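Trainee: Got a sequence here, can you build the structure:
(one chain, ligands or ions: 1)
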Amino acid sequence: MTIAATSLPRLPFDASLTYINGAWVGSSSNQTCDVENPATGTVIATVCENSKDDVDAAVQAAYRAFHDGPWVNEYSGAQRRDALLGLASAIEQHRSALELIESINVGKPIADVRVEVDDTIDLFRHFAGYADKVEGRHIASQTNQKLEGYTVKVPVGVVGFINAFNYPLNLLAWKVAPALAAGCTVVFKPGPQTPLTTQYFAYLLETTGLFPEGVFNVVLGGAQVGQALVDHDLVDKVGFTGSVATGKHVIRSTASTANVRATSVELGGKSPGVVMPDVDLDRTAKLVVSGCMSNTGMNCNALTRLWVHRSIYDAFLPLLKAAAESLVLGTPQDDATEMGPLIDRRQYDRVLEYIRIGRAEDRASVLTGGEPLEGASGYWVRPTIFSNVSPEARIAKEEIFGPVLSVLEPFDSLDEVIEVERRNEFGLAAGIFTRSHKDIAKFTRKMRCGTIWVNNYNALYSYLPFGGFRNSGFGRELGYESFDGYLATKAIIDDVSSE
Ligand code: NAD
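Mentor: Below is the predicted model:
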C-alpha cells in the first residue's frame, strides 16, 4: 500500500526552541531529538532535548510566577476565565494547522483529529467557566460562639505535567485547562515522540498576551527530563499520564523527594467488553471493533478483552472479522482513513511480539490480521483479532497498546464474567452490550472501573470525570473532580470577640 508523505505546514515558531519564562530558548546542553511521521518513518522536524538545568529554569519560572507574579496575586478568577477563553479562540483560529500537524506527527486519521481539536477548544471554554467559581464554606462551631470557622480554596501551586504520546493536544487540555483555571502555574513535558502541537500551543498562549511570563512553560525530552521534573522540590503537584511501570516509578520518586507532594497518575488498562445474546449483533460488532482499534489501539481505555456469550459466539465472530477487515487503512490525512500506524519502531516491535505470543497460545487462533501491512514503510500493523483466548493468557491480561483484540473463550453467565474481572489488575474502563436493565445494573454496580460504557464504547465528554481503579491509577481528569484536584483547602478560625 502506498502511504503519502504529507508535508508539515510551516510552523510559526522555531521548533528547535522551547518556551520557558515567556521566551523561546534552546537547550543548555545543545541536545536534539528527531520527530517522525510514523506513517512513513521519516523525520519531519528536529526539536531540542532539554537538560536538567533547563528543567530547573522552567520550574523556577513557574515558582516565581506563582508566588510573586500577577496570575495568582493580582488576577481575579474572572480575569483568568477571560484568558482561557482567549486561548480557546486562538486554538480555534489555528485549528486547521494544529489538525494537520497532529495528524502527521501521531499518524492519526484526520477525521479523528478534528474531533480531538473540537474537544480541546471545548475543554478550555468549559474550565474557563470554573475559574470564577472557586468557593469555600462557612462551618459554624457548635461549642464556642466566639469562633467563626470557614474554608478557602487556593491553587495547589506549581504543577509538573508529564504526558503520554497518544493524544498530545487533547491530554494537554485535560491537564492544563483545569490547572490554569484553578490559578496554578505549569511546567509541561509532552511525550518525546509528539512535541509539535505542545510547542504550537505555547506559541498560541504567548500570542494571546493574556498569560504573564512563567505561568506556562514547556520542557522537551524523554525519561531524564521527566525525572528531573518529578524530582524538583519546588513542584507542588505532579500530574502523570503513561504506562504502569513509569507511573509506579513516578509515585516512588515523588515520595522520595524532600517535600512530599500531591500526585495523580493516569495509567494503562486492559478493558473488558461483554456481549450478551439480546443485542443487534452487527451493530455491536462494529462498536467493539471501533472500541478496540480506534487510534490504532493506542487508547488507555481500548476494549481489548472481549467476552461473548456462548449462544451467539459462532454467529458473532464472522461479524467481528468483517468489521475489522472493513476498516480503511491509508494516508492519515485522507478523509476516508479510519486507522493509521503505530507511533514508532519500539511500539511496532512490541505489538508484533505480542502477536507472536498470541500465536503460540494453545487454544487461541488468529481470526484476522496478525501481520504488518505489506508495502508500507512506516509502523503499520493490520487490525488483529484472536479468538478463543484464555482469560489468563498474556495477550488477554497485559496491555499491548496496539490494534489487537482478544476474544475470550465463550461464557455462560454474567456472574462468571464479573467474578473473573475482579482479578483484572486494571480498572480504567469496561463496556456492556445488552438490552437487559437487570444485567446493566449488575454490571455497573459490580465492576470496579472509572468509566463504564453501556451499549456504546469510547464516547467521552469534558464534563465527566475520567480515571482508574487499581493499576490504572488514581486521581481524576475532566469534570469538576479534576478542577478540584488543583485546589487545596485552608481552614481559617477567627476569634470574632477579639479587638
Ligand atoms: P511511558 O510510560 O513510556 O511514558 C509516559 C511519559 O513519561 C513520557 O512523557 C515519558 O517521557 C515520561 N517518562 C519516562 N520515564 C520517566 C521517568 N523516569 N520519570 C518521569 N517521566 C518519565 O508511556 P507512553 O508510551 O508515552 O504512553 C502509553 C501509556 O500511557 C499506556 O500505558 C497508556 O495506557 C497510558 N495512557 C493512559 C491514559 C489515561 O488517561 N489513563 C491516557 C493515555 C495514555
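Trainee: switch to C-alpha atoms for all contacts and neighbour counts from now on
Mentor: Noted.
Trainee: Any part of stretch 39-49 near the ligand?
Mentor: No. Using CA under 6 Å from any ligand atom, stretch 39-49 never reaches the ligand; the gap is at least 11.1 Å.
Trainee: just the CA coordinates of that stretch, formatted as PDB?
Mentor: C-alpha atoms of stretch 39-49 as PDB (Å, rounded to 0.1, in the frame of the first residue of the first chain):
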ATOM      1  CA  ALA A  39       3.100   6.700   8.700                       C
ATOM      2  CA  THR A  40       6.300   6.800   6.600                       C
ATOM      3  CA  GLY A  41       9.000   6.500   9.300                       C
ATOM      4  CA  THR A  42      10.600   9.700   8.000                       C
ATOM      5  CA  VAL A  43      12.000  12.600  10.100                       C
ATOM      6  CA  ILE A  44       9.700  15.700   9.900                       C
ATOM      7  CA  ALA A  45      11.400  18.000  12.500                       C
ATOM      8  CA  THR A  46      14.200  18.200  15.000                       C
ATOM      9  CA  VAL A  47      13.400  19.600  18.400                       C
ATOM     10  CA  CYS A  48      15.700  20.400  21.400                       C
ATOM     11  CA  GLU A  49      16.100  18.000  24.200                       C
END
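Trainee: chain center to it: distance?
Mentor: Taking CA atoms, centre = their mean, to the nearest Å, the mean C-alpha location of stretch 39-49 is offset from the chain mean by 22 Å.
Trainee: I'd like the mean pLDDT over it, please.
Mentor: What stretch 39-49 shows for mean pLDDT is 97.
Trainee: swap in stretch 239-254?
Mentor: Averaging pLDDT along stretch 239-254 gives 97.
Trainee: Could you check it against the ligand for contacts?
Mentor: Yes. Stretch 239-254 is in contact with the ligand by CA under 6 Å from any ligand atom, via T241, G242, S243, T246, V250.
Trainee: Give me the contacts around that stretch.
Mentor: With CA atoms under 8 Å, 6 or more residues apart in numbering as the test, stretch 239-254 has contacts from 159-164, 175, 227, 230-231, 238, 260-261, 263-268, 471-473.
Trainee: again, but for stretch 341-359
Mentor: Applying CA under 8 Å, 6+ apart, the contact partners of stretch 341-359 are 38-39, 41, 106-108, 166, 193, 296, 298, 364-366, 370-372, 378-381, 386, 394-395, 400-402, 404.
Trainee: out of the residues of stretch 239-254 next to the ligand, who's nearest A4?
Mentor: A4 lies nearest to G242 out of the residues of stretch 239-254 next to the ligand, by CA to CA, at 30.0 Å.
Trainee: pretty sure C300 is touching L267, no?
Mentor: Yes. Taking contacts as CA atoms under 8 Å, C300 lies within contact range of L267: 7.2 Å.
Trainee: The two: who's more crowded?
Mentor: Counted by other CA atoms under 10 Å, C300 and L267 do not tie: L267 has more neighbours, with 28 against 22.
Trainee: which ones are touching that one?
Mentor: By CA under 8 Å, 6+ apart, the contact list for L267 reads T241, G242, S243, V244, G247, C300, G468, N471, S472, G473.
Trainee: And for P155?
Mentor: A182, G183, C184, Y486, L487, A488.
Trainee: Tell me the most packed of those residues, by neighbour count.
Mentor: Ranked by neighbour count (other CA under 10 Å), the contacts of P155 have A182 at the top, with 32 neighbours.
Trainee: about what we covered before: mind putting the contacts of P155 into CSV with distance to the ligand and secondary structure?
Mentor: Shown next, in CSV, are those (distance: CA to the nearest ligand atom, whole Å; DSSP: H, G, I helix; E, B strand; the rest coil):
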residue, distance to the ligand, secondary structure
A182, 20, helix
G183, 23, coil
C184, 20, coil
Y486, 17, coil
L487, 20, strand
A488, 22, strand
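Trainee: can I get these in TSV with pLDDT?
Mentor: Listed next are these as TSV, based on pLDDT from 0 to 100:
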residue	pLDDT
A182	98
G183	98
C184	98
Y486	98
L487	98
A488	97
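Trainee: Looking at these, which is nearest N73?
Mentor: Proximity of the contacts of P155 to N73 (CA to CA) peaks at G183, which lies at 9.4 Å.
Trainee: From G136, how far out is the closest one?
Mentor: 15 Å (CA to CA, to the nearest Å).
Trainee: What of R422?
Mentor: Applying CA to CA, the value for R422 to G136 is 38 Å.
Trainee: ok, which residues in this protein are in contact with the ligand?
Mentor: With the criterion set to CA under 6 Å from any ligand atom, the chain comes near the ligand through 162-165, 190-192, 222-223, 226-227, 241-243, 246, 250, 266-269, 300.
Trainee: Can you list phi and psi of the residue positioned nearest the centre of the chain for me?
Mentor: The centre of the chain sits closest to L171, judged by CA atoms, centre = their mean, with a distance of 4.6 Å. Per-residue torsions, L171: phi -70, psi -30 (degrees, to the nearest 10).
Trainee: Just the ones in strands from the contacts of L267, please.
Mentor: In strands, defined here by DSSP state E, the members of these are T241, G473.
Trainee: quick one on the thing from earlier: now the buried members of the residues of the chain next to the ligand.
Mentor: 162-165, 190-192, 222, 226-227, 241-243, 250, 266-269, 300 (16 or more other CA atoms under 10 Å).
Trainee: need the contact list for the residue nearest to the centre of the chain.
Mentor: Applying CA under 8 Å, 6+ apart, the residues near L171 are N163.
Trainee: Could you report the pLDDT at it?
Mentor: You'll see L171 listed with a pLDDT of 97.
Trainee: do the same with T2
Mentor: T2 is given a pLDDT of 86.
Trainee: which ones are touching it?
Mentor: Each residue near T2 by CA under 8 Å, 6+ apart is listed here: G330, G375, A376.
Trainee: likewise V389?
Mentor: Applying CA under 8 Å, 6+ apart to V389 gives the contacts E361, R363, A364, S365, A396, S406, V407, L408, E409.
Trainee: For the ligand, see how far away it is.
Mentor: V389 is 21 Å from the ligand, where distance means CA to the nearest ligand atom, to the nearest Å.
Trainee: Leaving out the residues flanking it, which one is nearest to S482?
Mentor: Leaving aside its sequence neighbours, S482 sits nearest to R476 (CA to CA, 6 or more residues apart in numbering; 5.4 Å).
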